[in-house]
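1. I would like the atomic coordinates for the input below:
(4 chains)
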There are 2 protein chains.
Amino acid sequence: MNNSVSIKDIAKKFKCAPSTISRALNDHPAINIETRKTIQEYALKVGYQKNTLSLSLLNNCSMTLGLVLPSITHYHESSILEGMEEILLKSGYLLNICVSNESHTIEKEYIDRLLANRVDGLFISMAQESYDQQLGEHIDRVIQRSLPVIFIDRPNHGVASDRVVTDDYQGAYMATQHLIDMGCQRIAHLHGPSGISVSQQRFMGYQDCLKAHGRQVDVDLIEYVHFSAESAIEATRYLMQGTIKPDAIFGVNDEVCIAAMYVLREMGIAVPEEVAIVGFDDIPLASFGHPPLSSVSRQSRKIGEEAAKLFLSKKDQKLDPVTISLDPKLIIRESSLRS
Amino acid sequence: MNNSVSIKDIAKKFKCAPSTISRALNDHPAINIETRKTIQEYALKVGYQKNTLSLSLLNNCSMTLGLVLPSITHYHESSILEGMEEILLKSGYLLNICVSNESHTIEKEYIDRLLANRVDGLFISMAQESYDQQLGEHIDRVIQRSLPVIFIDRPNHGVASDRVVTDDYQGAYMATQHLIDMGCQRIAHLHGPSGISVSQQRFMGYQDCLKAHGRQVDVDLIEYVHFSAESAIEATRYLMQGTIKPDAIFGVNDEVCIAAMYVLREMGIAVPEEVAIVGFDDIPLASFGHPPLSSVSRQSRKIGEEAAKLFLSKKDQKLDPVTISLDPKLIIRESSLRS
DNA sequence: AATTTTTACGCAAACGTTTGCATTTGAGGC
DNA sequence: GCCTCAAATGCAAACGTTTGCGTAAAAATT
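-> From the prediction side, this is the model:
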């Protein structure tokens, strides 16, 4: 079944000790240069490949990390992954990907497996179930083992921890401010799943910005959605058929805004003239919407890079927990531009 | 640094042999039921977790697989990953994700690392560089080691191999047929990166369908793009300013079609009245475009599931190479509907 | 030629776990 | 009290690799 050739095999071939082979292959100085060459050539010929597992066992270091995400199909998440990979590629690490699908049970199972496989560190964006119900004992077990854990987007409750996040609050504040600047009076919000930090922060930014301008949050202008476009269809219809007609919508992400614009078109409501719209994430297709969608860009790729860099710096020396908060940037396009 | 407790540690605590602890933890029959209980409770208390690395070494089976993709930010790719995870979760596997970014060098490096980590199998969608330049020796090394390799979307050249693909040819044929049925006369094609199997197959389907209706492919109606929306902007403008005005566009994926629709709006060309459009992939936002985009759905998630299932069946018995070709499905929306 | 130094290699332990086989212990039957 | 048997546990090897230490042979120095 498995054809892989080991150092021992080569040692038998050359009638010498495995240690000699090991040294030859690792360019150890105390080795005859001729012998080394011969062995290296032979190793290449038979396709020898170091078995990292034995080293992981020996050095207590697997050069493998775990990434646990609630989902992966959104641009934001897959960009994080890409950014992470870029840094880890250079550092020799491999990444185990685990999609929890927002389930606490799955998240726990995956973390168990990662621990059993002795990953050197963990990146986690917590599942909604874990987050909502404050289920963190599986995380505690990890921390207790003094394994570096870096939270992405959604930290765990309570304890201090390393985090890489977008400043969602600020981003939402900027978006809302922009809508106010555009003269919008009744700014609705498509609120993300409750309980999730990202949703909460964005709502807070929205709320505080309104308050700063002497306005109150009107519950009739808040509709709850998931992060998917589909979920925003009904919500938007409901919003537009309410007693208070919104003249702007700030959506928890771009998908729901694109769906909202679809509904508004269907209803014959002009964007941005009658309803201005700002989304969040700045997905690549935002620029090509009808009209092009204003959005808060959150440097998704950089989140991944920073998380990876943070791990690399943590790995060596023990540092205090750090929170890296990346500044969002408001990209203004037609969907919110009023003259 | 690492606080993990081993079987040996527990053995010392109980002044017994490691084998006893092992048997106790694994519910081996030849163990005193009292002892077993005590040991299990203790193990739970101190947070013992099996070190899978040692088992991997022993059994030559790491319960880890590798997934090598050119990119991950497209819906299709991340859906494959999700489908794969669903099956592998149940089977106890972990998945190493490797994004080659279309680079042969990176792909090779990743495959080396995966082999060094003794993954039990490999899923690969080949990088454009490897594919274009027919660089396959890194793949050969894997196969030579009789490691199960399953190709996704983009197979390697030549040798027979296990594959899970969409029937891109058929999908493109269906899309073109549909445009012809809608009465379109000059069907343009936004052609994907040349050399890549997916692009080629879709072009072939388009071409053969035209031929089947007694039409010739007009090179003036073909523009090459990448898989990104941006790349389609110029291409579409160029297409529409040419001598032959297309009255339909079949795009290599949905992103380029959404960008194309954006350009057409900008140019004041009506979709679908003047130009009908059909895309490929049926991304979630396709339904919410303006107008909603017709598209060939390719069951991305199922590709991942089937690939994972194929591995599981291959793992046990040696079977002949299999190609699983999933049927695409044409989803007709407004962008191509003419009365 | 004797001594020291250098060079090149072997030995064995270690990482954590499982498992076939051997061994110990205690109980029961005669 | 001796034998048999079963139950419970120990021993040691194995997976692949590295590395400090020991040692032999060769080379360099006196």
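2. how much does the helix or strand containing A:Lys90 deviate in direction from helix B:75-91?
-> When secondary structure is defined by DSSP states H and E, A:Lys90 falls within helix A:75-91. Angle between the axes of helix A:75-91 and helix B:75-91 is 80 degrees (criterion: axes from the mean of the first three to the mean of the last three Cα atoms, to 10 degrees).
3. got the buried residues for helix A:75-91?
-> Judged by neighbour count using 16 or more other Cβ atoms under 10 Å in any protein chain shown, the buried positions of helix A:75-91 are A:75-89. Heads up, the C-betas are built off the backbone N, CA and C, glycines and all.
4. just stretch A:31-46 next, same as before
-> With burial defined by 16+ other Cβ under 10 Å, the residues of stretch A:31-46 counted as buried are A:31, A:36, A:39, A:42-43.
5. Tell me which entries of the residues you listed lie within strands.
-> In strands, judged by DSSP state E, none of these are found.
6. Let me have those residues in JSON lines, extended by distance to chain B.
-> Listed next are the buried residues of stretch A:31-46 as JSON lines, based on distance: Cβ to the nearest Cβ, whole Å:
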{"residue": "A:Ile31", "distance to chain B": "22"}
{"residue": "A:Arg36", "distance to chain B": "21"}
{"residue": "A:Ile39", "distance to chain B": "18"}
{"residue": "A:Tyr42", "distance to chain B": "16"}
{"residue": "A:Ala43", "distance to chain B": "13"}
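7. quick one: which of the residues you listed sit in helices?
-> A:36, A:39, A:42-43 (DSSP state H).
8. Take those residues and write them to TSV, including pLDDT and distance to B:Leu239.
-> Rendered in TSV, the data for these read as follows (pLDDT from 0 to 100; distance: Cβ to Cβ, whole Å):
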residue	pLDDT	distance to B:Leu239
A:Arg36	95	60
A:Ile39	96	59
A:Tyr42	96	57
A:Ala43	96	54
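9. of all the residues you listed, which comes closest to DNA strand C?
-> Taking Cβ to the nearest atom of the strand as the measure, DNA strand C lies nearest A:Arg36 of those, at 7.1 Å.
10. Quick check: the gap between the closest residue to A:Leu81 other than its chain neighbours and B:Leu210.
-> Nearest non-adjacent residue to A:Leu81, counting by Cβ to Cβ, 6 or more residues apart in numbering or on different chains: B:Ile72, 5.7 Å away. Using Cβ to Cβ, to the nearest Å, one obtains 34 Å as the distance from B:Ile72 to B:Leu210.
11. now swap in A:Gly121 and tell me
-> In this structure, A:Gly121 and B:Leu210 are separated by 54 Å, where distance is defined by Cβ to Cβ.
12. neighbour count winner among these two?
-> With other Cβ atoms under 10 Å in any protein chain shown as the criterion, A:Gly121 and B:Leu210 differ in neighbour count, and A:Gly121 comes out ahead with 24 against 21.
13. From DNA strand C, how far out is the residue nearest to the more buried one when sequence neighbours are not counted?
-> When the adjacent residues along the chain are set aside, A:Gly121 lies closest to A:Pro148, with 4.1 Å between them (Cβ to Cβ, 6+ apart). Taking Cβ to the nearest atom of the strand, to the nearest Å as the measure, A:Pro148 and DNA strand C are separated by 18 Å.
14. isn't A:Pro148 right up against A:Ser313?
-> No: between A:Pro148 and A:Ser313 no contact is recorded; they are 9.9 Å apart, counting by Cβ atoms under 8 Å.
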